[in-house]
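In: the following block contains a protein sequence and its predicted model.
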Amino acid sequence: MQFLLRRYRDLTLLVLVMVSQLLLLAWQVRTGQDVRLIRVWAVSGIMPLARVVEFFRANSVGAIKEYVVLWDAKGENRELKEEVGKLRMENHYLKNELATADRARALAVFQSSSPSKTLAARLIGSATGANSRVVYIDRGSNSGVQKGMAVVTPSGIAGKIVASYPGVSQMMLVTDPAFAAGVISRRNKVLGTLKGQGSNVTLVDYVQNEEDVKEGDWFYTSGDDRIFPKGLPVGQVRLSRHGRTFKEIHIAPSGIQDGIEEVLIVLDGVHQSIPEAGETSQKLHMLERPPAESSPDKMIDFSSTGSKVATDADQVMQKYRRIGAAQGHEYGGGGVPNFNITPPPPAAEPKPPPQTPAPKQP
Amino acid sequence: MNELETPLLMSRGIAPERSRWRWVILATVPLLALMFQVYVPMLVSSLSFVELPLLVTLHMALTRRSSVKGLLYGAAVGLMQDALSNRPLGMFGMVKTLVGFFAGRAGVLMDVDNAVVRFFTALVFYFFHQLFYWFLARGLLGQSLEFDALQTAFFALLNAAAAVPLFQLLDRI
């Protein structure tokens, strides 16, 4: 026996190692438990490095790139090109800063307007394995992140937390084949299950062929999965056709369409209503109301005075009447009054009621 | 300097410079390979096909010409890789154990210093690695992963092309 073991030492060891791993695998599959210690060691060993590298990349890659470009400059144009390069570097840096600020602002606006309690996080790495759609983010159990929490962006849902470690968490993207979430269409309130496909397109499954779902329809989270709060945008239907058993509906997930760098983890979700079909899905940019003017010949905010004069045309007509009255001019009787004079203040205008400042929108 | 020369130098009282750092290098290189696999595809998604932990395991097993060292090293790297994935531990571990074992055997039989041999070895082992992983995922976990043989063959070619300069670099450290 001993001779055989010595003779086949390599094979014996191979069998031992393989069987050990097979048993480990079987135990995990059977019990549904995980060997957390090994994962924590591996994540703790690799992720701080990734975080440091990401920090330096985020802060210096633009400068290095431009410096390398400059290095190729030669001869007479060298100094000039260096100057151009420096300007480019500054420009690139400023653009990066601006883009970062815009993203951060969008996140902040969404975070403040969303009723759910959220936590901002940044992507720092991707999980190993072929076709992996799992990434690492820089917030972990220390920040209150738990397995099963939803992850969103201002544009829609992005994924969910599948593992949480002290400093980092593993997030499964909506495109992962193992991902699933309950969804509902905005137009006809058709319920289905969103499934990742391993590509950039996701599938809505379990929708009967008789249901009316058209290309361009929007899907929102239904809240049935108890992971994603109801009412978050999921994506727009790219393809909808009859399938063998269920309708085949392909969705372009809106949350990760433009790539993701920063995300929000939903720590405490609050269900919202699904927007009505008539509402536009795109955000409408509106300026703030202009400040009230004190000069009497300027436009007055009539909406706050309670006056019947409501439109700009009404205000102009009022102003011309005052100018005419000041000069004793009768409109329609011939001649033209001097429109350049400052008309007297409107004596008959009712005084605006005292206003209390409106509470700021969160 | 190879393993056969090391005992000779030691017997003459000459400690080879490399041996001092051998364990550090053996531990650091797979960590860097895993770091590459975790971080780089996030920035350049087209580089996600590079299976650097496999290439590192392959190099170690081939150059050490030992199936025992190869399988142990492969198991360790594979388990680390599993720990960073969202799949159960042991999938990459088993695949890389087999790769390490067979690569160690191949190292004894072939002239693994030759670039052409290295290229074809990396090509074959990459394909084997992907195929066996797919087999395990389907057979043991019941996952419906797709195996695109043509795409895998193409990626095997690219990995083999990457393996040649990488192995030369690893030879020097």
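Out: Perfect, thanks for sending it.
In: in chain B, which helix is the longest?
Out: helix B:17-43 (DSSP state H).
In: which secondary structure elements does that helix contact?
Out: With contacts taken as 3 or more CB pairs under 8 Å, 6 or more residues apart in numbering or on different chains; DSSP states H and E, helix B:17-43 sits against helix A:36-71, strand A:117-126, helix B:52-64, helix B:67-83. No exception for glycine: its C-beta is placed from N, CA and C like everyone else's.
In: 10 Å - rerun?
Out: Under the contact criterion of 3 or more CB pairs under 10 Å, 6 or more residues apart in numbering or on different chains; DSSP states H and E, helix B:17-43 touches helix A:36-71, strand A:117-126, strand A:134-137, helix B:5-11, helix B:52-64, helix B:67-83, helix B:149-172.
In: nearest to residue A:318, of those?
Out: When those are compared by CB to CB, strand A:117-126 sits nearest residue A:318, at 48.9 Å.
In: partners of that closest one, with directions?
Out: Under the criterion DSSP bridges, strand A:117-126 sits next to strand A:134-137 (antiparallel), strand A:262-268 (antiparallel) in its sheet.
In: how about the residue nearest to the spatial centre of chain B, nearest residue that isn't a chain neighbour?
Out: Taking CA atoms, centre = their mean as the criterion, residue B:57 is the residue nearest the geometric centre of chain B, at 2.4 Å. Spatial nearest neighbour of residue B:57, chain neighbours left out: residue B:74 (4.7 Å); criterion: CB to CB, 6 or more residues apart in numbering or on different chains.
In: strands of the stretch 151-300 of chain A, start to end?
Out: Assigned strands in the stretch 151-300 of chain A, in chain order: A:156-164, A:169-173, A:180-185, A:191-195, A:202-205, A:218-221, A:233-241, A:248-253, A:262-268 (criterion: DSSP state E, counting those that start in this stretch).
In: gap between the last one and the chain center?
Out: Relative to the mean C-alpha coordinate of its chain, strand A:262-268 is positioned 10 Å out (CA atoms, centre = their mean, to the nearest Å).
In: flag every buried residue along stretch A:214-222.
Out: A:217, A:218, A:219, A:220, A:221, A:222 (16 or more other CB atoms under 10 Å in any protein chain shown).
In: and which of those residues is nearest chain B?
Out: Using CB to the nearest CB, residue A:221 comes nearest to chain B of those, at 21.8 Å.
In: if we can go back for a sec, what angle separates the longest helix of chain B from helix B:52-64?
Out: Interaxial angle, helix B:17-43 versus helix B:52-64 (axes from the mean of the first three to the mean of the last three CA atoms, to 10 degrees): 160 degrees.
In: may I see the buried residues of helix B:17-43?
Out: B:29, B:30, B:31, B:33, B:34, B:35, B:37, B:38, B:39, B:40, B:41, B:42.
In: the third one and residue B:81 touch, don't they?
Out: Which is residue B:31. No. Counting by CB atoms under 10 Å, residue B:31 sits too far from residue B:81 to count as a contact (11.1 Å).
In: contact partners for residue 44?
Out: Since no chain was named, I'll use chain A. Residue A:44 sits next to A:165, A:166, A:167, A:168 when contact means CB atoms under 10 Å, 6 or more residues apart in numbering or on different chains.
In: that's the wrong chain, I meant chain B
Out: By CB under 10 Å, 6+ apart, residue B:44 lies in contact with residue B:50.
In: from the chain's centre, how far out does the one helix or strand residue A:12 maps to sit?
Out: Element membership for residue A:12 (DSSP states H and E) is helix A:9-31. Offset of helix A:9-31 from its chain centre (CA atoms, centre = their mean): 44 Å.
In: which residues sit against it?
Out: Identification of contacts with helix A:9-31 by CB under 10 Å, 6+ apart yields A:4-6, A:8, A:33-35, A:38, B:66-68, B:70-72, B:74-75, B:78-79, B:82, B:87-95, B:97-98, B:100-102, B:104-105, B:136, B:140-142.
In: that helix: which residues count as buried?
Out: Neighbour counts over helix A:9-31 (16+ other CB under 10 Å) mark A:10, A:13, A:14, A:17, A:18, A:21, A:24, A:25, A:28 as buried.
In: quick check: angle from that helix to helix B:67-83?
Out: 20 degrees.
In: what about helix A:9-31, average pLDDT?
Out: Per-region confidence: helix A:9-31 scores 88 on mean pLDDT.
In: list the contacts of the closest residue to residue A:47 other than its chain neighbours.
Out: Taking CB to CB, 6+ apart, and ignoring the residues beside it in sequence, residue A:47 has residue A:168 as its nearest neighbour in space, at 4.7 Å. The neighbours of residue A:168, taking CB under 10 Å, 6+ apart as the test, are A:43-44, A:46-48, A:50-51, A:121, A:124-125, A:136-142, A:145.
In: I'd like to know which of those residues are buried.
Out: A:43, A:46-47, A:50-51, A:121, A:124-125, A:136-141, A:145.
In: tell me the spacing between residue A:155 and chain B.
Out: From residue A:155 over to chain B the distance is 19 Å, taken as CB to the nearest CB, to the nearest Å.
In: identify the residues contacting that residue.
Out: With contact taken as CB under 10 Å, 6+ apart, residue A:155 is in contact with A:106, A:110, A:232-233, A:235, A:253-258, A:260, A:283.
In: can I get the buried residues of stretch A:214-222 in CSV with pLDDT and distance to chain B?
Out: Listed next are the buried residues of stretch A:214-222 as CSV, based on pLDDT from 0 to 100; distance: CB to the nearest CB, whole Å:
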residue, pLDDT, distance to chain B
A:217, 91, 28
A:218, 91, 27
A:219, 93, 24
A:220, 92, 26
A:221, 91, 22
A:222, 89, 25
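In: just curious, which of those residues is nearest to residue B:117?
Out: residue A:219 (53.7 Å).
In: who are the neighbours in contact with the closest one?
Out: Contacts of residue A:219 (CB under 10 Å, 6+ apart): A:156, A:181, A:183-187, A:190-192, A:194, A:202, A:204, A:213, A:233-237, A:249, A:251, A:253-254, A:274.
In: and stretch A:194-209, is it in reach of chain B?
Out: Yes. Remark: stretch A:194-209 sits within contact range of chain B at residue A:198, by CB under 10 Å from any CB of the partner chain.
In: what is the mean pLDDT for that stretch?
Out: 89.
In: restricting to C-alpha, output that stretch in CSV.
Out: The C-alpha trace of stretch A:194-209 is given here as CSV (Å, rounded to 0.1, in the frame of the first residue of the first chain):
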residue,chain,number,x,y,z
LEU,A,194,-36.9,41.2,-15.0
LYS,A,195,-34.0,38.8,-15.8
GLY,A,196,-30.4,39.5,-16.7
GLN,A,197,-29.0,37.9,-19.8
GLY,A,198,-25.3,38.4,-19.5
SER,A,199,-25.4,41.0,-22.2
ASN,A,200,-26.5,44.7,-22.2
VAL,A,201,-30.1,43.7,-22.8
THR,A,202,-32.4,42.3,-20.1
LEU,A,203,-35.5,40.2,-20.5
VAL,A,204,-39.0,40.6,-18.9
ASP,A,205,-40.3,37.1,-18.4
TYR,A,206,-43.6,35.5,-17.4
VAL,A,207,-45.7,38.0,-19.4
GLN,A,208,-48.6,36.3,-21.2
ASN,A,209,-48.7,36.6,-25.0
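In: so how far is that stretch off the chain centroid?
Out: Distance, centroid of stretch A:194-209 to centroid of chain: 21 Å (CA atoms, centre = their mean).
In: do the same with stretch A:137-154
Out: 15 Å.
In: residues touching residue B:153, list them.
Out: Neighbours of residue B:153 in contact, by CB under 10 Å, 6+ apart: B:123, B:126, B:127, B:130.
In: right, I'll leave it there.
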